[in-house]
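1. Below is the sequence, then the predicted model.
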Amino acid sequence: MDLQCQYFHDATELLFIGCGSSYYIALAAAASWKMITGRRARAIAASELLLYPDLVLADSSGVAAAVISRSGRTSETVRAAELLEREHDIRTLAVTGTRNQPLDQIASSTLGLPPCDEESTVMLHPRIREFVASHQFDDYVCLGQGPFYGLACETALKLTEMSVSYAQSFHTLEFRHGPKSIVSPKTLLFFLLSEQGYDSECDVLQEMKGLGATILTIANHADKRARESSDLLIELGFDLPELARLAPYVFAGQFAGLYTGLKKGLDPDNPRNLSRVVILDDD
Ligand code: F1P
């Protein structure tokens, strides 16, 4: 391991930092890192670090950070890397789809992921297209636990960005504690079923079906319970460890957002009010 990444290896806690989709990737990455290594990890929205540095860095001894940004230019993310490197002497690893941008020029190391630098402003399946065409929903809820919570947040963000729909995200079992009051046949619930929490998550799925919700389930392998209670089941069937196959769980939300946006006469490639990168005025 080269010297630059030795600080990652020695870190007692890793911060995963980003904005928007990259923050939700950070949530999934922090959970995965902790489950794989047993070491401390947190996901932090870049704005939280900028506005509340003392809250985030209360005990920053031995901390290192992975700063995630498809573009490498998002102002808050770049500023967060600057703050860590220059004011707190905390080493950062830029995880980015775009090299030679402000982020990787500030970070101590860079993990370049060029395929991530796709052109869409908003970081697609014929069954989902037909499902969207044959249903009308008033609102959307995306549910996941552990590393799937960040993916549930990302699913909700795609629905909102691509179809200007109101979408919320919760930890699956949290949904019982009040938010379930919104459930009706015009509520579409996305269940991103984990292996570790499967039985408890399926209990919620069956309960919400009993309340009349419309259910879209994404699972690697689904049992009879999930099949009988899902209005649409996306079964991935990968022969891989759970943490090696997280990304495909967001495809359903991306396609649902795309087809819902098109159904509403919108242009998902030019989403309302959004830009591909958020650059703040004083940058
Ligand atoms: C972060 C981000 C995207 C969002 C939109 C605005 O971009 O919030 O997640 O979909 O494109 O920017 P980045 O830092 O990952 O380039």
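-> Good, I have the coordinates. Residues are numbered from 1 along each chain as shown.

2. Tell me both backbone torsions, phi and psi, for the closest residue to residue 22 other than its chain neighbours.
-> Counting by C-beta to C-beta, 6 or more residues apart in numbering, the nearest residue to residue 22 once its immediate chain neighbours are dropped is residue 68, at 4.3 Å. Placement of C-beta: from N, CA and C, glycine included. When quoted as degrees, to the nearest 10, the phi and psi of residue 68 stand at phi -110, psi 130.

3. how far away is residue 68 from the ligand?
-> 7 Å (C-beta to the nearest ligand atom, to the nearest Å).

4. And the helices in the stretch 51-200 of the chain?
-> Using DSSP state H, counting those that start in this stretch, the helices of the stretch 51-200 of the chain run over 53-56, 75-82, 102-106, 126-133, 147-163, 198-210.

5. If I take the last one and helix 147-163, what angle do their directions form?
-> Looking back up the chat, that one is helix 198-210. Angle of helix 198-210 versus helix 147-163, following axes from the mean of the first three to the mean of the last three C-alpha atoms, to 10 degrees, is 40 degrees.

6. contact partners of helix 198-210?
-> With contacts defined as C-beta atoms under 8 Å, 6 or more residues apart in numbering, helix 198-210 is touched by 143, 145, 172-173, 175-176, 180, 183, 189, 191, 193-194, 215, 217, 219, 223, 225-226, 229-230.

7. again, 7 Å this time
-> Applying C-beta atoms under 7 Å, 6 or more residues apart in numbering, the contact partners of helix 198-210 are 145, 172-173, 175-176, 180, 183, 189, 191, 193-194, 215, 217, 225-226, 229.

8. next one: the shortest one
-> Surrounding helix 53-56, the residues in contact under the criterion C-beta under 7 Å, 6+ apart are 44, 48-49, 83.

9. so what's residue 261 up against?
-> 162-163, 268.

10. Need those in JSON lines (columns: distance to the ligand, pLDDT and neighbour count).
-> Output for the contacts of residue 261, formatted as JSON lines (distance: C-beta to the nearest ligand atom, whole Å; pLDDT from 0 to 100; neighbours: other C-beta atoms under 10 Å):
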{"residue": "162", "distance to the ligand": "10", "pLDDT": "94", "neighbour count": "29"}
{"residue": "163", "distance to the ligand": "14", "pLDDT": "95", "neighbour count": "26"}
{"residue": "268", "distance to the ligand": "12", "pLDDT": "83", "neighbour count": "22"}
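
11. Quick check: chain neighbours aside, which residue is closest to residue 168?
-> That would be residue 141: by C-beta to C-beta, 6+ apart, it lies 5.2 Å from residue 168.

12. Quick one: residues contacting residue 214.
-> Applying C-beta under 7 Å, 6+ apart to residue 214 gives the contacts 135, 137, 185, 187-188, 231.

13. mind redoing it with 6 Å?
-> 185, 188, 231 (C-beta atoms under 6 Å, 6 or more residues apart in numbering).

14. are any of the contacts of helix 53-56 buried, and which?
-> Buried subset of the contacts of helix 53-56 (neighbour count, 16 or more other C-beta atoms under 10 Å): 44, 48-49, 83.

15. ok now do the one residue in the chain that gets nearest to the ligand, which residues does it touch?
-> When scored by C-beta to the nearest ligand atom, the chain has residue 20 as its residue closest to the ligand, at 2.3 Å. The contact partners of residue 20, by C-beta under 6 Å, 6+ apart, come to none.

16. In terms of pLDDT, where does it sit?
-> pLDDT for residue 20: 93.

17. do residue 277 as well
-> Residue-level pLDDT assigned to residue 277 equals 84.

18. Ok, residue 118 next?
-> Confidence score, pLDDT, at residue 118: 61.
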